[in-house]
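Novice: Sharing a sequence plus its predicted fold:
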Amino acid sequence: MENLRQKAVFALVALLLVGSAVAQSSYSLLSPNKQIEIKIQTGDRIQYDVLFKGTPLLQKSTLSIDIDHNTLGLQPRVKSAKPRTYDGTLEPAVRQKFAKVRENYNELRLEMEGNYTVVFRAYNEGTAYRIETSLPQDEVRVYNEEVSLNFAGDYSAYYPLEESFMSHNERRFPLFKLAEIPLSSIASLPAVVDAANGVKVAVAESDIEDYPGLWLHGTSKNGLAATFPPYPLKEVLERDRDYRVTESADYIAVTRGTRSYPWRLLGIAEKDGDLITNQLVWLLEKPSQVQDTSWIKPGKVAWDWWNANNVYGVDFKSGVNTQTYKYYIDFAAKYGLQYIVLDEGWYRLGNVMEVVPEINMEELTSYAKQRNVGIILWVVWKTFDDQFDAALDQFQKWGIRGIKIDFMQRNDQKLINFYYKVCRETARRHMLVDFHGGQSQITMTRTWPNMISGEGVRGMEWSKWSVESEPQHNVTLPFTRMFLGPMDYTPGAMLNATKKNFVPVSDHPMAMGTRCHQLAMYVVFESPLQMLADSPSNYQREPEAMEFLSPVPSVWDETKVLDAKLGQYVLVARRSGREWYVGAMTNWTGRELEVDLSFLPSGGFTMEAYQDGVNADRLASDYIKSKSQVTSAKKLKITLAPGGGWAARIHL
């Protein structure tokens, strides 16, 4: 059950009164720990400041929404101000960071003349607001929504720059001064602002439904502002996968007159590592729409596409065929992996109902069932959508456990509605969904726990054709993209390369960074459906690596960030049951870190650790595995090679 314990009490939230209650124009909302404050003004428009420990982060930020050419938020008149405090505990259906998540906030509802409300919330983890409407029209058009974030100084921002709204959202996070970001430079989410006193502010959204996803652009000043993909009027399909918008409306959404709009949120972190444990996006999502979640099984996946089906030492020709996938199934069963993926090639492109003759799907699914391994099928979204009901019925008949849907490249209102349709209908059939080719759906994992992971990340696949998936980028992702939710980075390379020796080879890929850098990803990177991207044949040549990769969980009961610096290094400990796993990763700078094991309970534990070898700076696959006895009093000094890592399993 998602709701383990809930209690809601109405409490007095600090309100700074100006004039009578109805004419009041100034309000102050504090977080439960009183470190974050939202100061709200309702003069000629709705304006607010955000402060952390008394220091301004945002000043004179504004909000409004243009519905049917009537802008709500201008000349606001407050009818009532309703404060509320909430404190409860939630138990996620799929544990990403914690088995139990506390939800604690102070809220202020400003009900306005004109049939709309603005709801502000202050959490210990950040702030959020949303607009709600109760308009008499059954249907309205939203022409624009103003989200104007004016920061208190010319701070720097990790800004995932995009070329257009047609995007996989697989971006790097370069650092820009806010004032240097042009009006025309759009970005996907999140942007992470390095604000006053080193405080990090992550800009994101949550609870998107029947509405386009939020994008950002510069203001040529100390701010960021919203932009949205317009509503598509005409689309053209190129090949089987690029469904491009060729004509757009002058509005962004057609929706209901009475509804709640998405949350606009700021995750606020005093320490960089707090971004990793911040659950604000998840907390603000709509509660689960899946009543029975007992069938949802997270796990690890043997994946074919990255390693180009490079199976060897066998008596059959490897490729997209029944024998190769039986080999993947045997590998998964041997090491306790829950799933395999059949990626591109299993069906005739353009028709998901036509299985290629090299694959006997009935034979393969029967074999997988015997071995207790689930099959996940890759599909192009547009082809799948065109054959939606027939495809789902066929997949269900085969006993398919999940779908990996790819190439959406859009998050306009039509695509957001597609995500909801997919999640709803797959849940009815007890199927998982792993969305690739987009990002907004990542913020729906509480609402649709069967939407178990997703891409929207510049992951390890980029190493097949570029140098873009490398340690500097890898130690930026936990603080940026992962703030939104799970990310299907697809780790696990067994062919490891230094910066000097790396070459992108699509059909025989390697990855930049050390072997231990890859192992640590299984602790640092969150994905309840976690891939083993390399060839099963390569893994079987690495039995010591499999002694870690076989038992490492994909979901966690507890997460502790031991040390972290955005873009430099990260050191994380996570618990599953009575076992702890620790992962450390660094950028191209070698470094020493201290692992303080005081998070362990009392008693003695066995630790199996994987550390970079002394020659890992020359040969990235060099590592040493060690076994020792440890207690909570132990403090370890670990050495990470350039592009290196460290990983450990600690158990009784």
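Specialist: Arrived safely.

Novice: Only C-alpha atoms from now on, for both contacts and neighbour counts.
Specialist: Noted.

Novice: Which of the residues in the longest helix along the chain are classified as buried?
Specialist: For the chain, the helix with the greatest residue count under DSSP state H is helix 413-428. Judged by neighbour count using 16 or more other C-alpha atoms under 10 Å, the buried positions of helix 413-428 are 413-420, 422-424, 426-427.

Novice: Residues contacting it, please?
Specialist: For helix 413-428, the surrounding residues in contact (C-alpha atoms under 8 Å, 6 or more residues apart in numbering) are 208-213, 231-232, 252-253, 290, 392, 408, 432-433, 440-441, 448, 450-451.

Novice: hang on, the earlier thing: can you redo the buried residues of helix 413-428 as CSV with distance to residue 533 and pLDDT?
Specialist: Shown next, in CSV, are those (distance: C-alpha to C-alpha, whole Å; pLDDT from 0 to 100):
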residue, distance to residue 533, pLDDT
413, 32, 98
414, 32, 98
415, 28, 98
416, 28, 98
417, 30, 98
418, 28, 98
419, 25, 98
420, 28, 98
422, 25, 98
423, 25, 98
424, 28, 98
426, 25, 98
427, 26, 98
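
Novice: Assumed residue 272 was part of a strand.
Specialist: No - under DSSP: H, G, I helix; E, B strand; the rest coil, residue 272 sits outside any strand and is assigned coil.

Novice: In this protein, which residue is most central in space?
Specialist: Central residue of the chain (C-alpha atoms, centre = their mean): residue 485, 2.6 Å from the mean position.

Novice: what's the nearest residue to it if we skip its chain neighbours?
Specialist: Once flanking residues are discounted, residue 485 sits nearest to residue 442: 5.7 Å by C-alpha to C-alpha, 6 or more residues apart in numbering.

Novice: residue boundaries of the helices in the protein?
Specialist: Secondary structure of the chain (DSSP H): helices at 274-277, 280-283, 322-335, 361-370, 381-386, 388-398, 413-428, 471-474, 515-524, 536-540, 543-549.

Novice: Could you list the low-confidence segments of this protein?
Specialist: 1-24 (pLDDT under 70).

Novice: is residue 639 in a bridge, and if so with what?
Specialist: Counting by DSSP bridges, residue 639 is bridged to residue 592.

Novice: quick one on the thing from earlier: how far away is the residue nearest to the centre of the chain from residue 115?
Specialist: Per C-alpha to C-alpha, to the nearest Å, residue 485 is found 33 Å from residue 115.

Novice: Out of the buried residues of helix 413-428, the closest to residue 86 would be?
Specialist: Lowest distance from residue 86 to the buried residues of helix 413-428 (C-alpha to C-alpha) belongs to residue 420, with 28.1 Å.

Novice: which residues does the closest residue to residue 286 other than its chain neighbours contact?
Specialist: Spatial nearest neighbour of residue 286, excluding adjacent residues (C-alpha to C-alpha, 6+ apart): residue 447 at 5.2 Å. Neighbouring residues of residue 447 by C-alpha under 8 Å, 6+ apart: 285-290.

Novice: Please, a PyMOL command that selects the buried ones among those residues?
Specialist: In PyMOL syntax, the buried subset of the contacts of residue 447 is picked out as below (16+ other C-alpha under 10 Å):
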select buried, resi 285+286+287+288+290
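
Novice: want to throw the contacts of residue 447 into TSV with distance to residue 194?
Specialist: Putting the contacts of residue 447 into TSV (distance: C-alpha to C-alpha, whole Å) gives the following:
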residue	distance to residue 194
285	25
286	29
287	31
288	33
289	36
290	38
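
Novice: where along the stretch 451-600 of the chain do the strands fall?
Specialist: 451-454, 496-497, 511-512, 529-532, 558-565, 569-576, 579-586, 591-596 (DSSP state E, counting those that start in this stretch).
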